[in-house]
Structure formats: C-alpha cells, structure tokens
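Asker: With the input below, show me the fold.
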Amino acid sequence: MGGIDRNSIDYDDEEGGREQEQQLIPGLPDEIGMECLVRVPYGSHSRMKSVCRGWRTLFSHPSFYEQRRKAHTAEHLVCLVQPLQFHAHLDVDVDVDVVLKERDDKKQQQQQQQQQQQQQQDCRYHHPSESESLLPLYQYGLSIFNATHQTWHQVMMPGVDSIPMMFSHCVALPSSGKLLLLGGWDPTTLHPVPHVYVLDFIAGESRRRWRRAAPMSVERSFFACAVVGRSTLYVAGGHDSQKNALRSAEVYDAEADQWKTLPAMSEERDESQGLSWEGDSRFWVVSGYSTENQGRFRSDAECYDPETGCWSKVEGLWPFPSSSPRGGCVTGQSNRNRHRRHHHHHRWWQFAGEEQGGIGEIREYEREADRWRVVSSIPLPHPEFGLGGSSKCVINLDGDGDGDGDGDGKKKSRRRMLMVMGSGGEGEGEGEGEGKVGAFILERNPNDEGKSKWNHVHVPPQFNGFPYSAAHLLL
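Answerer: Next comes the predicted model:
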C-alpha cells in the first residue's frame, strides 16, 4: 500500500496542532504509524480516542476515514430501522464504537415480572386506556450490521422514548459519516411526525453523538427521499396524518441545518421510491399512488432538476401496478467515460419477484438517452432461505471511494456488492413479513458482469424483524 499523507488531515484547534508535531506512534515514522492506525478495526476507535489528544483528533476527523477507504481497510456498516425483539438475549459482539451498550435483558425481564405481579394484585379486570390500546405491537429500533466482520449490533439511544423510530427513514451522509433519521410515527397517536435526528459515527463522545436537527416543514410518512451530492437531502410525497397522498416536496441542507420548500410534483405519490446518482444533481421519485388509487402503483416517475427548479415526468419506469418500489430499488454507477460528459452511465438495480412475473431475480437497468433498458438479470437464492416473500430490502454496499485507488494513484477494479433482505422463508419469525428474515450479499466482478456470487448472512433471532428502511456507511 502506498504512503498516507498525514498532512491531509486538518487540525482545527491549537492542542491538535501541537500534537501534530509529535509522532503518531513513538519510534515510528508517521507514514508507517498512519498505515498501522488505518488498520485498527472501527469497533476500537472509541478506545483509541482516549489514548491522547492527537489520536482523538485523528480518529474524529472525516479525512481519516477517507484514508481508510483509499487503503481498503474501511468497514461496511448497514444501518437498519426494524422491529425489535426483546425476549431473546443479545448473544453478539457489542464492543463497538457505534453501539453504546448491550440491552440489559435480565433487568427488563425483572421489571416486566414485577409489573405483571402488581397488575394482578391491583385489579384483575383492568381495562386499558385509549393511549394503551394504541401502543404499537412492535417497538422499532436502530440496528447495525457490520458486513465486513459479519456481526450484528443494536444502538442504544438516550431518551429512546422521544425518538419515534417506527416507520422512520434512515439516510446516510457518507462523506461526513452521519446517519439521519427522518419522520416516523408517534408511538401513541400513530400520526406522522416531522422530526429529524442525526447520529455522528465519527466525531464526539459515544453518548453525545445524537442530536436533534431542524424538522421537516410537513408531517409525512412513507415518503421518497434521497441524498444528492455530499450534504443535500430531498424529500417528496408520502401521506399525511389523514392518509392523504402528498405532492409536496422539500430539500434539506445538512451543513446549514435548513429546510427549503420545493415546487410540488404534478402527481400525488404515496409509498414512492427516491433515487439519485453520483455526479447527477437531480432527484428522482419513482411510482407511488394517489389518494383515490391506494395500492395501485403508477408506472411513471418524476425528476426534479435544481438547475431549472422544475419537475419533469418520465413514463414507463415502473411496470408493476400491484408492487411497491420501496426498499427494492438501489442505484449505482457503471464504469464512466469521463471524456463524454453527456453520456449517461447511471445504473439501477431493482428486485423482481414471483409476483412481478419472474422467478425472483435482480434486474439491472442502464439509462441512456433518457431511456432505460435491462442489461442483466441475476436469479435469487432458493425461497426457502428467506427471500421468497413479497417484502424485500436491497442495500447498495458500493462505498464512496471504495476500490477507486490503491494509494499509489493506480486504478483498481472493485467488487460490486448488494445486500438483499427478505421475509418469507421457512421457520418462525416475528415482526413484519412472513416467516423468518433471510439475508444475502451479492458480489459481482465488474470485469465479468456475468459472474456473480451469493453469500448467505446469518441473522440472529433478535434481529429478525424485517427492516422498514436501511442505509450504508463505509468507515
């Protein structure tokens, strides 16, 4: 691996500047010291920050994680909003920076037993109040799957009761190592909320990384959203508290923590899918349905161009009227010709199951001259492994900068990876979907598009809830 330039990491404070004059690791040149530190597993970074001020500054700066990506030592973290399982013991490795603490199941079980005993003593014929009857069957939480080390973790959140995780959208900002949680339902009223929370995976102490950001201007749920560029997030469609489909849209500047209202789309689009591509400033909203046609998904899409400030409609992008595009679509880039600026090399991977006229496959589309064409299809694993149901969640694991170079400026081909989670396999399971949740990672060789490999992912019982939303960070 080529040398890593420590000077590429900026130090903002005077103490950090004095630390920079010292060696990263005493007795070793800084070039060798940096090559050692970028290989430290992400789960140990919180402990590394406590060694000295210089290391705390180093491990808290986004540039360090950019160096890890260039050195191919970064780890794939898949963030999932999913129903929680409380009865099972968390028999997983939880000693990682992103996981604050393991859930204390024993204490919770004791509290539940005491509450049950108290209820039996106080009133045998207890009638639940209106608020109690509206409590959701499943409590949602944030889980982390480390795809590099094949470990599962659960994120403990301070004031968890104040963060509505149910049907919340999780969106990643890869360049800054942050995760955004948008919207969700109030667990008591079951009405959508406009709240936005930010979790910083890089900077700050473990107990101080959650913060509340500026809320959306409209309370909505089941909306389309996507990140464009480094810190711009678009939101459109969905429905309000009265289940009315929405045409409204807005954009969020994560650096300024400000929302701006956009022109409304031409159509109502509930349960639509938001898409974006690297190097393209436009935001796409695929399919969805109107208030009067609930469950009948449109075949078209709308595209917002910030340069013109207008929406345009694209026909025939979703030919499945009975299936939602949500969760089953991801975008990516093909090998681009940088000398042909107007030639589009945008790719879109879409799950097509039996209900969509197939045997279960991943279809890859490529966009050229404003038309989409199927360029390949990949059969899914056997349905008995958990991908046979109608619910699917697809996550693109191609990280920003992953495999783009080897530190010496040489171009290196990278694997294309997609993670697919589905419900409907054999076995018992709880949460949304039918049966157990199955998970696989699809690896593709960019030099041989016809060669692909499915790798099975073990999902512990306590993470068996089908995810409502998912995002990926490479750190």
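
Asker: all helices in this protein, in order from the N-terminus.
Answerer: Under the criterion DSSP state H, the chain contains helices at 14-20, 30-37, 45-49, 53-59, 62-70, 105-122, 130-133.

Asker: weakest of these in terms of mean pLDDT?
Answerer: Mean pLDDT is lowest for helix 130-133 among the helices of the chain, at a mean of 40.

Asker: wait, what's in contact with residue 199?
Answerer: Shown in contact with residue 199 (Cβ atoms under 8 Å, 6 or more residues apart in numbering): 142, 155, 178-181, 209-210. Bear in mind the C-beta positions are built from the backbone N, C-alpha and C, glycine included.

Asker: Would you confirm that residue 392 contacts residue 327?
Answerer: Yes. Assessed by Cβ atoms under 8 Å, residue 392 is found in contact with residue 327 at 6.1 Å.

Asker: confidence score at residue 1?
Answerer: pLDDT for residue 1: 48.

Asker: Sorry, slip of the keys, the one I care about is residue 258.
Answerer: At residue 258, pLDDT is 97.

Asker: Test my guess that residue 423 contacts residue 327.
Answerer: No. Using Cβ under 8 Å, residue 423 makes no contact with residue 327, being 11.1 Å away.

Asker: Can you pick out the residue with more neighbours from those two?
Answerer: residue 423 (25 against 20; other Cβ atoms under 10 Å).

Asker: Bridging across strands, which residues link to that one?
Answerer: Taking DSSP bridges, one obtains residue 437 as the residues bridged to residue 423.

Asker: How much space separates it from residue 441?
Answerer: As judged by Cβ to Cβ, to the nearest Å, residue 423 and residue 441 stand 17 Å apart.

Asker: got it, and residue 44?
Answerer: Separation of residue 44 from residue 441 (Cβ to Cβ): 24 Å.

Asker: who has more neighbours, the two?
Answerer: Applying other Cβ under 10 Å to residue 44 and residue 441 shows that residue 441 carries more neighbours, namely 20 against 13.

Asker: The closest residue in space to that one that isn't next to it in sequence: what's it in contact with?
Answerer: In this structure, residue 441 finds its nearest non-sequential neighbour in residue 455, 4.7 Å apart by Cβ to Cβ, 6 or more residues apart in numbering. Contact analysis of residue 455 by Cβ under 8 Å, 6+ apart lists 440-443.

Asker: Let me have these in a markdown table, extended by pLDDT and distance to residue 418.
Answerer: Shown next, in a markdown table, are these (pLDDT from 0 to 100; distance: Cβ to Cβ, whole Å):
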| residue | pLDDT | distance to residue 418 |
| --- | --- | --- |
| 440 | 90 | 9 |
| 441 | 91 | 7 |
| 442 | 86 | 5 |
| 443 | 87 | 9 |
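
Asker: No further questions, thank you.
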